[in-house]
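Novice: Show me how the following folds:
(2 chains)
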Amino acid sequence: MSVGSTPGLVEVTEAHGEQTVIVEPSALLDAAAFLRDEEGFNFLSDITAVDYLGWGAAGVSGFIGTAAGRNLNDPMTQGYQAVPVAKPKRFAINYHLLSVSDRPRRLRLQVWVDDGEPVASVIPVWPTADWHEREAWDLMGVAIEGHPNLKRILLDDDWEGHPLRKDYPVGGEPVRFSGEE
Amino acid sequence: MSTIAPTRSRTPIYEGTRIPSPIPTVLRTPPDVQATGDVLTVNFGPNHPSTHGVLRLIVDLYGEDVTGLEAVIGYLHTGFEKTMEQKTWWKCITYPERIDYVSFQNNEYVFVAAVERLLELETPPKATWMRTLLCELNRIHSHLVWLGTSALELGAISMFWYAFREREQILDLFELVAGYRMHTRYFQVGGLAEDIPRGFFPECRKFTDWMPRAIDDYETLLTRNKIWLERTEGLGLLSAADAIALGQSGPVLRASGVDWDLRKQQPYLAYHQVDFDVPVFQEGDVYARYRVHMEEMRQSVRIVEQCLDRLERMEGEPWIADDRKVVLPPRHELHTSMESLIHHFKIVTEGFRVPEGEVYTAIESPRGELGCYVCSDGGAKPWRVKFRAPSYVALQATATCMTDALIADMIAIVGSLDTVMGEVDR
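Specialist: From the prediction side, this is the model:
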């Protein structure tokens, strides 16, 4: 058996010495159980949700080059050396797995979803996912399905919006006692 | 001195799992206890003095028994991760240190290491060894703060003064190296910000000579102290299987009998070249966690001494990589070299660029697995930064550890998980 036979597999990639297994969101729970039971990834280190809204578009990180590199006929441009590779959907949810055993290995399990598309809770496989998933919901607005206690964790219960999203304004909060409120 | 632990019989770690279901982090009062009508719900915190910061615990009490518990966090949330997305890579280095304000060098290192992996940048040996040394000094510093405050909470006030006496010496060493006592920002992408100052090695030697004796002092005060034993033994039990399922790491995991230390299992920095032991205790209680902390401090002193042996022979070697796209050129070159001036200007105004990609780097911080996920789009600012904070995960074990606990034990148990709220809430 190897990670190549993970249920719902889309792709296995390797970069910087790290293996990434991308699976369909619908098969997430099966893939998680497979990786824990068959591959020995008994330890969930972390869940990281990433918002790729505006990825590779102008204005995020300065002006932009072309796909092949910078446009030499347009001097004084700054920004990307090359346009980054497009992403399949808006959000990536990364599950960083570890095998606590005699053969320590790491693996990144990745699913791609659009805004509002549900992701199954992996608490049945790794109980430590509880707070990580609440954080992903709280700060990034990932719709976790089947979580027994899905509520905000780091922000107030009545907070509006999900601050780590790229379309959440920076500096939108009034600063108290600044004389401008 | 480390073998002075008395022989005693212990209750064995429990059978099966104690993780509450369906919510792994919330302990619910059983319906039959609730039906007695004698259950009192008490709010602890967020400003209770013995919660290591702003932690709020909602506790159900039946007499003195804790029957239900829920941890509420977020009172120190400052949005570090969002802020870092707005800053250039090298300005970001100041932020991780403030996330866990007790183990700042380790936090600083994990971020720098992640960026270096994306850049595929090698650091010179002198920088690697100095980073190892500072990370270990910082581990001693962090454990001292833990020891002082946790003992203080259980009434051993004198421990606090002793632990902070040695902590002061470590902070003096940091000040000597970086000019700052905390949040030193001494690690730069590519190596160190400056060369190691003259006079550091003898001062550090004085400390490593003194520290083992100081640890002996602590152990004579606590390790066989009857009050300490009664307040810590057999409390806050966590089995190895439950600890792994709950993602516990660091001293908590090693006190539950799992021989797991990233410095050994997945070595980074110079850890594969130094000689040290990983203390493992089987009991899974508060006392075992205390023993792990004490033993780790001794091992850290050993590592620091070995680093000093190496570094003292590296006089005059470079302390930062020679990559002009990332590293600031030497100051004196700016007066004579146009190229250097351009590089300096570009890095300071615009910041350096990090190739597109994502990495997850994990190190063994004093509190366990500290991970840093970094994603770059090829620009001068991070696209996304995420920290896997060991304290955040450790707090998830509170409900499991608190099974069958008394209200007075709660303080000892929460303290033994060694959480720093700045890191929990980020």
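Novice: so who does residue A:39 touch?
Specialist: Contacts for residue A:39 (Cβ atoms under 8 Å, 6 or more residues apart in numbering or on different chains) come out as A:1-3, A:99, A:107. Glycine gets a C-beta too; all of them are placed from N, C-alpha and C.
Novice: Ignore what I typed, I meant residue B:61.
Specialist: Residues in contact with residue B:61, defined by Cβ under 8 Å, 6+ apart, are B:39-42, B:67, B:407.
Novice: one more time with 7 Å
Specialist: By Cβ atoms under 7 Å, 6 or more residues apart in numbering or on different chains, the contact set of residue B:61 is B:39-40, B:42, B:407.
Novice: Buried subset of those, written for PyMOL?
Specialist: Typed into PyMOL, the next command selects the buried ones out of the contacts of residue B:61 (criterion: 16 or more other Cβ atoms under 10 Å in any protein chain shown):
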select buried, chain B and resi 39
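Novice: can you tell me the helix or strand for residue B:385?
Specialist: When elements are defined using DSSP states H and E, residue B:385 is found to belong to strand B:384-388.
Novice: near chain A, which residues of the stretch 301-426 of chain B?
Specialist: On the criterion Cβ under 7 Å from any Cβ of the partner chain, chain A has as its neighbours in the stretch 301-426 of chain B the residues B:350, B:353, B:356-357, B:359-360, B:362, B:369, B:371, B:373, B:375, B:377-381, B:384, B:386, B:388, B:392-393, B:396, B:425.
Novice: Buried subset of those, written for PyMOL?
Specialist: Listed next is the PyMOL selection for buried residues among those, using 16+ other Cβ under 10 Å:
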select buried, chain B and resi 353+356+357+359+360+362+369+371+373+375+377+378+379+380+381+384+386+388+392+393+396+425
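Novice: In helices, which of the residues of the stretch 301-426 of chain B next to chain A fall?
Specialist: Those of those mapping onto helices are B:392-393, B:425, per DSSP state H.
Novice: So, low pLDDT: which residues of the chain?
Specialist: Using chain A here. Counting by pLDDT under 70, chain A has low-confidence residues at A:1, A:57-82, A:172-174, A:180-181.
Novice: ah, I was thinking of chain B
Specialist: Chain B contains residues with pLDDT under 70 at B:1-12, B:49-51.
Novice: can I get the CA coordinates of the strand holding residue B:385 in PDB?
Specialist: Included here for strand B:384-388 are C-alpha records, laid out as PDB according to Å, rounded to 0.1, in the frame of the first residue of the first chain:
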ATOM      1  CA  ARG B 384      -0.300  33.100   4.100                       C
ATOM      2  CA  VAL B 385       1.400  32.300   7.400                       C
ATOM      3  CA  LYS B 386       0.000  29.800   9.900                       C
ATOM      4  CA  PHE B 387       1.500  28.700  13.200                       C
ATOM      5  CA  ARG B 388       0.800  25.300  14.700                       C
END
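Novice: Could you tell me whether residue B:111 really is in a strand?
Specialist: No. With DSSP: H, G, I helix; E, B strand; the rest coil as the criterion, residue B:111 is assigned helix and is not in a strand.
Novice: mind listing what the residue lying closest to it once chain neighbours are set aside touches?
Specialist: Setting aside the residues directly before and after it, residue B:111 is nearest to residue B:96 in space (Cβ to Cβ, 6 or more residues apart in numbering or on different chains), at 4.4 Å. Applying Cβ under 7 Å, 6+ apart, one finds that residue B:96 lies in contact with B:107-108, B:110-111, B:387.
Novice: hang on, residue B:96 is in a helix, isn't it?
Specialist: Yes. Assessed by three-state DSSP, residue B:96 belongs to a helix.
Novice: Could you check how far it is from chain A?
Specialist: Residue B:96 sits at a distance of 15 Å from chain A (criterion: Cβ to the nearest Cβ, to the nearest Å).
Novice: picking that back up, JSON lines please, covering the ones in helices among the residues of the stretch 301-426 of chain B next to chain A and showing distance to residue B:400.
Specialist: What follows is those, written out as JSON lines (distance: Cβ to Cβ, whole Å):
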{"residue": "B:392", "distance to residue B:400": "15"}
{"residue": "B:393", "distance to residue B:400": "12"}
{"residue": "B:425", "distance to residue B:400": "21"}
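Novice: Relative to chain A, which of the contacts of residue B:96 is nearest.
Specialist: Proximity of the contacts of residue B:96 to chain A was ranked by Cβ to the nearest Cβ; the top entry is residue B:387 with 8.5 Å.
Novice: how deep is residue B:125 tucked in, by neighbour count?
Specialist: Using other Cβ atoms under 10 Å in any protein chain shown as the criterion, residue B:125 is surrounded by 17 other residues.
Novice: ok, now how distant is it from residue B:311?
Specialist: Noted for residue B:125: a distance of 9 Å to residue B:311, by Cβ to Cβ, to the nearest Å.
Novice: right, and residue B:80 touches residue B:97 too?
Specialist: No. Applying Cβ atoms under 7 Å, one finds residue B:80 not in contact with residue B:97, separated by 10.4 Å.
Novice: Among the two, which residue is more densely surrounded?
Specialist: Between residue B:80 and residue B:97, counted using other Cβ under 10 Å, the more crowded position is residue B:97 (23 against 18).
Novice: got the contact list for the more buried one?
Specialist: Shown here is residue B:97, whose contacts under the criterion Cβ under 7 Å, 6+ apart are B:104, B:107-108, B:183, B:185.
Novice: Filter those residues down to the ones in helices?
Specialist: Counting by DSSP H, the contacts of residue B:97 place B:104, B:107-108 in helices.
Novice: how about those in JSON lines, adding neighbour count and distance to residue B:293?
Specialist: Converted to JSON lines, the ones in helices among the contacts of residue B:97 look like this (neighbours: other Cβ atoms under 10 Å in any protein chain shown; distance: Cβ to Cβ, whole Å):
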{"residue": "B:104", "neighbour count": "25", "distance to residue B:293": "18"}
{"residue": "B:107", "neighbour count": "28", "distance to residue B:293": "19"}
{"residue": "B:108", "neighbour count": "28", "distance to residue B:293": "22"}
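Novice: residues from chain A in reach of chain B?
Specialist: By Cβ under 7 Å from any Cβ, the part of chain A that sits against chain B consists of A:15-16, A:18, A:42-46, A:48, A:50, A:55-56, A:61-62, A:78-82, A:84, A:94, A:96, A:100, A:104, A:108, A:123, A:126-128, A:130-131, A:148-149, A:153-155, A:163-164, A:170.
Novice: So which of the residues you listed belong to strands?
Specialist: In this view, the residues of chain A next to chain B that belong to strands under DSSP state E are A:15, A:18, A:43-46, A:48, A:50, A:94, A:96, A:108.
Novice: I'd like the contacts of residue A:39 as a markdown table, with distance to residue B:27 appended.
Specialist: Rendered in a markdown table, the data for the contacts of residue A:39 read as follows (distance: Cβ to Cβ, whole Å):
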| residue | distance to residue B:27 |
| --- | --- |
| A:1 | 37 |
| A:2 | 39 |
| A:3 | 36 |
| A:99 | 29 |
| A:107 | 32 |
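Novice: out of these, who's nearest residue B:13?
Specialist: Nearest to residue B:13, judged by Cβ to Cβ, of those is residue A:99 at 22.9 Å.
Novice: can you list contacts of stretch B:14-25?
Specialist: Residues lying outside stretch B:14-25 but in contact with it, judged by Cβ under 7 Å, 6+ apart, are A:123, A:127, A:130-131, A:148-149, B:26-28, B:71, B:237, B:239, B:241-242, B:245-246, B:396, B:399-400, B:403.
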